[in-house]
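Trainee: Okay, structure incoming, though there's no sequence with it:
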């Protein structure tokens, strides 16, 4: 495929969980545990177990699979998962509002740099719109992202490319002029399947995953206090 020059890079689409913000370990995981406790259930996910569950995209699906693996019958597991997920979302929003879910170091600077360069910004995530908008508005303000599509808007979960395809459609841009930024192999596969280049910024949960198809892989947006990764790294992705 012919790669466009940097001048034709028009937009960057970001994942949210683990990419823009440190949501998983200290955000979603304790919120899930609070939901279990509120329902009187004995389940508790420690950091290691939660890491293994992240291969299941979508919080409600993650709970349902977990319950079924523990012998809860399918119809009851689905209903209970929906109830637990609603409680979990409310608890997660509480944590966001309390400032307990931070942006990853360097992210805000990268977003400002891209904006200053005239690059359009969008979000494509499988997370629920209810908490995604709370998080994005709280961390970056209400006007940072031109398009935000969530799991509420696009039910098909990554690695299905649908959320990326629809985001590109909303931007009204050809895929070859857009780059995705992800943290996981599942997300990278979704972006590549949508015809996008993908820059992967790993975290502790995803650093050992197989990122076949990624254009650029790095371990953070900011390194040792140096200038955040932004347009320079995207230049490399654009020409790769």
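Mentor: Right, received. Where do you want to start? Note that the coordinates shown come from a computational prediction; the quantities given were computed from them, not determined experimentally. Numbering: from 1, shown residues only.

Trainee: For the nearest residue to residue 34 once chain neighbours are set aside, pull up the helix or strand it's in.
Mentor: Distances taken as C-beta to C-beta, 6 or more residues apart in numbering put residue 91 closest to residue 34, at 4.6 Å, once the chain neighbours are dropped. C-beta coordinates here come from the backbone N, C-alpha and C atoms, glycine included. If you go by DSSP states H and E, residue 91 is part of helix 74-97.

Trainee: Check which element follows that helix along the chain.
Mentor: helix 107-116.

Trainee: before we move on, back to that, mind listing what's buried in the helix holding residue 91?
Mentor: 77-78, 80-81, 84-85, 87-89, 91-93, 95-96 (16 or more other C-beta atoms under 10 Å).

Trainee: So which elements touch it?
Mentor: Here helix 74-97 touches helix 29-38, helix 59-69, helix 129-140, going by 3 or more C-beta pairs under 8 Å, 6 or more residues apart in numbering; DSSP states H and E.

Trainee: by how many degrees do the first one and helix 129-140 diverge?
Mentor: This means helix 29-38. Our comparison of helix 29-38 with helix 129-140, counting by axes from the mean of the first three to the mean of the last three C-alpha atoms, to 10 degrees, yields an angle of 140 degrees.

Trainee: Contacts for helix 29-38, please.
Mentor: 42-45, 47, 50, 59, 63, 84-85, 87-89, 91-92, 95 (C-beta atoms under 8 Å, 6 or more residues apart in numbering).

Trainee: Next secondary structure after it?
Mentor: With DSSP H and E, the next secondary element past helix 29-38 is helix 47-53.

Trainee: which other residues reach that following helix?
Mentor: So helix 47-53 is in contact with 24, 25, 28, 29, 32, 45, 62, 65, 66, 205, going by C-beta under 8 Å, 6+ apart.

Trainee: Next: stretch 180-187.
Mentor: Under C-beta under 8 Å, 6+ apart, the answer for stretch 180-187 is 12-15, 17-19, 54-55, 57, 124, 158-159, 164, 188, 190-191, 194, 196-203, 205-206, 209-211.

Trainee: let's see it at 6 Å
Mentor: 13-15, 18-19, 158-159, 188, 191, 196, 198-201, 203, 206, 209-211 (C-beta atoms under 6 Å, 6 or more residues apart in numbering).

Trainee: Give me the domain ranges for the protein.
Mentor: 6-22+103-239, 24-97 (automatic domain parsing).

Trainee: what's the spacing between the first one and its chain's center?
Mentor: What that stands for is domain 6-22+103-239. 8 Å (C-alpha atoms, centre = their mean, to the nearest Å).

Trainee: ditto for the shortest one
Mentor: How far domain 24-97 lies from its chain's middle: 17 Å, per C-alpha atoms, centre = their mean.

Trainee: other SSEs contacting the helix or strand containing residue 164?
Mentor: Assigned by DSSP H and E, residue 164 falls within helix 162-171. Contact analysis of helix 162-171 by 3 or more C-beta pairs under 6 Å, 6 or more residues apart in numbering; DSSP states H and E lists strand 120-124, strand 147-149 as its packing neighbours.

Trainee: redo that, cut-off 10 Å
Mentor: strand 11-14, strand 120-124, strand 147-149, strand 178-182, helix 185-193 (3 or more C-beta pairs under 10 Å, 6 or more residues apart in numbering; DSSP states H and E).

Trainee: Among the ones you listed, show me which one is buried the most.
Mentor: Ranked by mean neighbour count, these are led by strand 178-182 with a mean of 27 (mean count of other C-beta atoms under 10 Å).

Trainee: for this protein, where's the lowest mean pLDDT among helices and strands?
Mentor: Ranked by mean pLDDT, DSSP states H and E, the weakest helix or strand in the chain is helix 231-239, scoring a mean of 59.
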